[in-house]
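>>> Structure for the following, please:
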Amino acid sequence: MKMQRHNRFAAKLRKGGCRGSNLGFTLIELMIVMSIILILIGMAAIRYDKVVQHSKEAVLKTDLRTIRDAIDNYTLDKQAAPQSVDDLQQAGYLRSVPTDPMTNAKDWVPEFDSVVLSPDQTTTGMTNVHSNSSRTALDGTPYNEW
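Model prediction:
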């Protein structure tokens with residue numbers, strides 16, 4: 001039985017091959033597969049950009065919270081508000097001034113006000129900081145308003 005099948009297959013190969021046993025893909029099949037792959041790569045790239053932006057936003061929120069807490073602690077401890085973000089570092093309230101993840105620089109925009117946090121506070125100064133970026137967040141608000 002096996003010998004008969006082998007002989008039939010060998011005879012077909014001698015005649016020019018078996019119908020339906022093409023060895024390879026057509027150009028159309030390859031182009032369809034390549035198109036699907038390119039579409040998937042495009043979708044992944046867009047999603048990756050959003051994930052990166054979301055992580056930068058999370059870092060920005062954390063940095064702003066840290067700097068604002070340092071401003072409050074400095075003001076309450078020294079009874080005087082800091083005049084710059086560098087004052088916070090020099091006084092030991094920050095190990096180092098964080099880099100703004102949106103501008104990749106230490107270019108925080110200080111906000112000055114005449115608000116006092118305690119009755120013993122002698123001078124006013126910096127009360128808040130904002131990002132220097134003019135870009136907008138995923139929720140539509142500008143980073144410099146956070």
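
>>> mind listing the strands for the chain?
109-113, 125-130 (DSSP state E).

>>> so what secondary structure elements neighbour the last one?
Packed against strand 125-130, as judged by 3 or more C-beta pairs under 8 Å, 6 or more residues apart in numbering; DSSP states H and E, are the following elements: helix 27-78, helix 85-90, strand 109-113. Every C-beta, even on glycine, is put in place using the N, C-alpha and C of the backbone.

>>> Measure how far the longest one is from the centre of its chain, please.
With C-alpha atoms, centre = their mean, to the nearest Å as the basis, the distance from the averaged C-alpha position of helix 27-78 to the chain average is 2 Å.

>>> Report all helices and strands that it contacts.
Counting by 3+ C-beta pairs under 8 Å, 6+ apart, helix 27-78 packs on helix 85-90, strand 125-130.

>>> Save the ones you listed as a markdown table, and put in mean pLDDT and mean neighbour count too.
Formatted as a markdown table, the helices and strands packed on helix 27-78 follow (pLDDT from 0 to 100; neighbours: other C-beta atoms under 10 Å):
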| stretch | mean pLDDT | mean neighbour count |
| --- | --- | --- |
| helix 85-90 | 94 | 17 |
| strand 125-130 | 93 | 19 |
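
>>> Nearest approach to Lys56 belongs to which of these?
Lys56 lies closest to strand 125-130 among these, at 15.4 Å (C-beta to C-beta).

>>> Relative to Asp49, which of the helices and strands packed on helix 27-78 is closest?
Across those, closest to Asp49 is strand 125-130 (C-beta to C-beta), at 24.0 Å.

>>> got a list of contacts for that closest one?
64, 67-68, 71, 75, 80-85, 87, 108-113, 115, 143-146 (C-beta atoms under 8 Å, 6 or more residues apart in numbering).

>>> For PyMOL, what selects the buried ones among those?
To isolate the buried subset of the contacts of strand 125-130 in PyMOL, counting by 16 or more other C-beta atoms under 10 Å, use the following:
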select buried, resi 64+67+71+75+80+81+82+85+87+108+110+143
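
>>> Since that was my last question, I'll sign off now.
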